[in-house]
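Peer 1: model this:
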Amino acid sequence: MQFIRSKIAFSLLLFFLMVSGSTEARKSDVVLERNVRANMDFLAGDALQGRGSGTGFERIAATYFASMMAQFGIEPAGQNDQAGAPSFIQTIEIDRITFAKNPTLKFGDRTLEHGGEMVVFRVNSAAASGPLQKLTADAKPSDGAMVFLKTDGRQPANDAFNVLMASGAAAIIVEETPQWRSNWTRFAVRKPGYTSINGKPNNGPALIIISKDAAAQIAALTDGTKVEFGGELAPATKQQTWNAVGKITGSDPKLSSDVVLLSAHLDHLGVRQNAQSPDNLYNGADDDASGCVAVIELARVLAAGKKPRRTVYFAFYGSEEAGGFGSRYFVGNLGFPKDKLVANLQFEMIGRPDPKVAADELWLTGYDRSNLGPELAKQGAKLVADPHPEQNFFQRSDNFTLAREGIVAHTVSSYGLHKDYHQASDEVSTIDFGHMTRAINSMVKPVRWLVNSSFKPAWNEGKRP
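Peer 2: Numbers count the residues shown, from 1 in each chain. As a prediction, the model looks like this:
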């Protein structure tokens with residue numbers, strides 16, 4: 001009888017443990033509002049002083065995410081630390097380089113100076129020169145050419161212009177449009193310059209806007225005429241920024257070489273004396289503490305369950321607000337072949353519902369550019385097309401850095417153009433925690449499907465940036 005009682009007790013204990021374990025497994029799949037609040041209170045609280053790009057407070061935020069990933073059992077995927085051990089942190093050295101004097105553009109017998117009949121929007125070196133190539137926006141530039149684009153007063157279409165800026169041309173010289181002319185004075189007083197990340201400058205050509213009169217003169221030249229741009233550089237100003245990066249190595253012998261990236265940017269605008277608030281803090285609750293919380297909660301869920309078949313990376317980028325330096329470094333220093341990065345979901349500003357879509361919906365930037373959004377929607381994601389196409393959000397987040405490298409990369413958001421964007425009023429008190437918690441929960445099942453499937457998203461015809 002004692003043996004039977006013991007056997008029954010043991011069976012009941014096993015049953016309890018099984019039920020308890022399955023309950024815990026179910027709990028691990030649920031994102032709790034209290035956890036969302038706790039993360040948000042720290043990240044967007046006054047103690048982090050607005051997580052200014054490249055500041056010590058941004059570094060604290062990166063260290064926070066590194067600590068969280070370590071607790072979840074996620075593997076470090078940053079740089080080795082000083083002792084040579086793997087770390088979650090990537091320390092990025094940034095050199096800011098500006099011209100000491102206004103640079104010039106020379107062609108034929110003309111010399112234009114920045115701030116006069118030309119303004120320099122983008123450069124990546126002290127000088128550029130090459131043969132003139134006159135093009136329409138949809139033509140292909142030659143490598144090393146000084147390309148001239150006549151606009152006839154019309155702003156170039158974004159996609160066609162992005163192709164030009166991703167080319168191997170030495171410079172893109174564009175005739176002014178009313179839109180550029182309206183901002184001429186603002187750009188004219190700014191010293192042109194560029195940034196170098198760990199010794200590597202920006203990719204892509206210089207971008208120079210010239211007056212209508214200068215455009216008429218350069219249009220009269222023959223193709224092949226030598227065009228020269230350049231000037232004297234001032235000494236570089238040095239600073240740092242930090243990423244936090246972790247990974248879960250996939251369990252499937254074949255699919256583990258595929259990588260799915262979940263990302264967000266951890267910096268904001270920091271302390272600014274012109275802030276319309278008593279403490280001069282730009283806390284950045286919605287932008288983008290909310291996206292960071294989504295990524296860290298998805299990391300927790302994926303780490304707590306059965307190992308995904310694909311490898312999953314989690315990246316928290318520094319200095320997005322200062323020029324996307326964190327994501328630029330990440331994509332330029334991948335720890336795996338670039339063609340194995342099958343998809344990137346960036347999370348940006350999900351802290352409040354967008355009144356332009358249903359209350360429980362999120363939207364995906366560039367929804368029509370690839371088949372990723374529609375496929376995730378089939379798997380239960382409450383994702384719809386971006387209702388604000390005129391805002392060009394696809395090009396305005398870290399996903400675009402990866403998309404320009406050919407990676408299918410989109411941003412998940414619910415930003416409804418609220419008035420607190422980039423204002424000191426973007427405080428934790430403005431967050432709709434019910435919406436935010438439901439939003440993250442709504443992505444658990446679709447993301448789990450993506451990291452366990454063999455589906456490889458692709459750009460739709462003509463939609464790759």
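
Peer 1: in the helix or strand containing residue 111, which residues are buried?
Peer 2: Using DSSP states H and E, residue 111 sits within strand 110-113. By neighbour count on 16 or more other C-beta atoms under 10 Å, the buried set for strand 110-113 is residue 112. For the C-beta atoms, the positions are set from N, CA and C on the backbone; glycine is no exception.

Peer 1: after it, next one along is what?
Peer 2: Next helix or strand after strand 110-113 toward the C-terminus (DSSP H and E): strand 118-122.

Peer 1: now do that following strand: which elements does it pack against?
Peer 2: helix 184-188, strand 206-210 (3 or more C-beta pairs under 8 Å, 6 or more residues apart in numbering; DSSP states H and E).

Peer 1: which residues touch residue 432?
Peer 2: The contact partners of residue 432, by C-beta atoms under 8 Å, 6 or more residues apart in numbering, come to 351, 352, 353.

Peer 1: on that earlier part again, dump the helices and strands packed on strand 118-122 to JSON lines, plus mean neighbour count.
Peer 2: Putting these into JSON lines (neighbours: other C-beta atoms under 10 Å) gives the following:
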{"stretch": "helix 184-188", "mean neighbour count": "13"}
{"stretch": "strand 206-210", "mean neighbour count": "23"}
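
Peer 1: weakest of those in terms of mean pLDDT?
Peer 2: For the helices and strands packed on strand 118-122, mean pLDDT drops lowest on helix 184-188, to a mean of 88.

Peer 1: in its sheet, what does the helix or strand just after that helix sit against?
Peer 2: Once the chain leaves helix 184-188, the next helix or strand it forms, by DSSP H and E, is strand 193-197. According to DSSP bridges, strand 193-197 forms sheet pairs with strand 89-98 (antiparallel), strand 200-201 (antiparallel).

Peer 1: coming back round to it: could you dump the helices and strands packed on strand 118-122 into CSV and include distance to residue 337?
Peer 2: What follows is these, written out as CSV (distance: least, C-beta to C-beta, whole Å):
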stretch, distance to residue 337
helix 184-188, 39
strand 206-210, 30
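
Peer 1: how about the helices in this protein?
Peer 2: Here the chain has its helices, by DSSP state H, at 2-28, 33-43, 56-72, 158-165, 178-182, 184-188, 212-219, 290-304, 325-332, 372-378, 399-403, 433-452.

Peer 1: go through those and name the closest to residue 319.
Peer 2: Closest approach to residue 319 among those is made by helix 325-332 (4.0 Å; C-beta to C-beta).

Peer 1: give the buried residues for that closest one.
Peer 2: Going by neighbour count (16+ other C-beta under 10 Å), the buried part of helix 325-332 is 325, 326, 327, 328, 329, 330, 331.

Peer 1: likewise stretch 88-95?
Peer 2: The neighbour-count check on stretch 88-95 (16+ other C-beta under 10 Å) flags 88, 89, 90, 91, 92, 94, 95 as buried.

Peer 1: before we move on, the earlier item: what helices or strands is the strand holding residue 111 leaning on?
Peer 2: Packed against strand 110-113 by the contact rule (3+ C-beta pairs under 8 Å, 6+ apart) you find strand 104-107, helix 212-219.

Peer 1: tell me what the last one is packed against?
Peer 2: It refers to helix 212-219. Contact partners of helix 212-219 among helices and strands, from 3+ C-beta pairs under 8 Å, 6+ apart: strand 110-113, strand 146-149, strand 171-175.

Peer 1: mind checking those for the one nearest to residue 288?
Peer 2: Residue 288 sits nearest to strand 171-175 of all these, at 30.4 Å, using C-beta to C-beta.

Peer 1: packing partners for the closest one?
Peer 2: On a contact count with 3+ C-beta pairs under 8 Å, 6+ apart, strand 171-175 meets strand 146-149, strand 206-210, helix 212-219, strand 226-230.
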